[in-house]
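Visitor: Quick one: sequence plus predicted model below, questions after.
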Amino acid sequence: MVFAGPVYAALYVPIAFRKWRREPDVTGAVSLERDLIASFGTLNQKLTMTLSLILVVNLIVFVTNYLADANSELGIPCGMIAVTGGIVIFILNLIWIQRPHGIAGESIAVRNHLGAWRLIAANRVLSLLIWCGYPLVSIIGIAVTL
């Protein structure tokens, strides 16, 4: 997770930026897909939000437990949750990038305050928290033990 976050960000940002800039067609099936995306109705969006919440709670539990007792046994289960959840969310995000109107549909919804734009924005913030939080906590943890 320490190295996956920065590598993922380096690969994800250029691809996502290109797709955010693209305005999707709003005809027929594309319009229905965009409406589904704007209403936070896709399974991918819901799974990403759920996993992001689990990983943020996991990170908070780990940090508070580590601050209370550095020799706690809770580090191993928290680490297993982080690795498993990180792999799954990584795959979900890669699938989402490949959808032709996924990122663009979300960006339009947030920009124009359409549908469930607050959930979409919260999902983006949670994703940012986990992709930056885990490496940051890991780097601080390594620095403290040195």
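Guide: Here it is on my side, so go on.
Visitor: Next, Gln44: secondary structure please.
Guide: Just to correct that, residue 44 is Asn rather than Gln. Secondary structure assignment for Asn44 (DSSP: H, G, I helix; E, B strand; the rest coil): helix.
Visitor: Trp96 versus that one, what's the distance?
Guide: 5 Å (Cβ to Cβ, to the nearest Å). Heads up, the C-betas are built off the backbone N, CA and C, glycines and all.
Visitor: The two: who's more crowded?
Guide: Remark: of Asn44 and Trp96, Trp96 carries more neighbours, 19 against 14, as counted by other Cβ atoms under 10 Å.
Visitor: Test my guess that that one contacts Gly105.
Guide: No: with contact defined as Cβ atoms under 8 Å, Trp96 does not count as touching Gly105 (10.5 Å).
Visitor: give me the low-pLDDT residue ranges for the chain?
Guide: 1-30, 146 (pLDDT under 70).
Visitor: in it, which spans are helices?
Guide: 4-21, 28-38, 43-68, 75-98, 102-112, 117-145 (DSSP state H).
Visitor: among these, which is the most enclosed?
Guide: helix 102-112 (a mean of 19; mean count of other Cβ atoms under 10 Å).
Visitor: Next, report how far that helix is displaced from the centre of its chain.
Guide: 16 Å (Cα atoms, centre = their mean, to the nearest Å).
Visitor: Then stretch 76-87?
Guide: That offset, for stretch 76-87, works out to 15 Å (Cα atoms, centre = their mean).
Visitor: now swap in stretch 119-138 and tell me
Guide: Using Cα atoms, centre = their mean, the offset of stretch 119-138 from its chain centre is 6 Å.
Visitor: Ok, stretch 138-146 next?
Guide: The answer for stretch 138-146 is 24 Å, by Cα atoms, centre = their mean.
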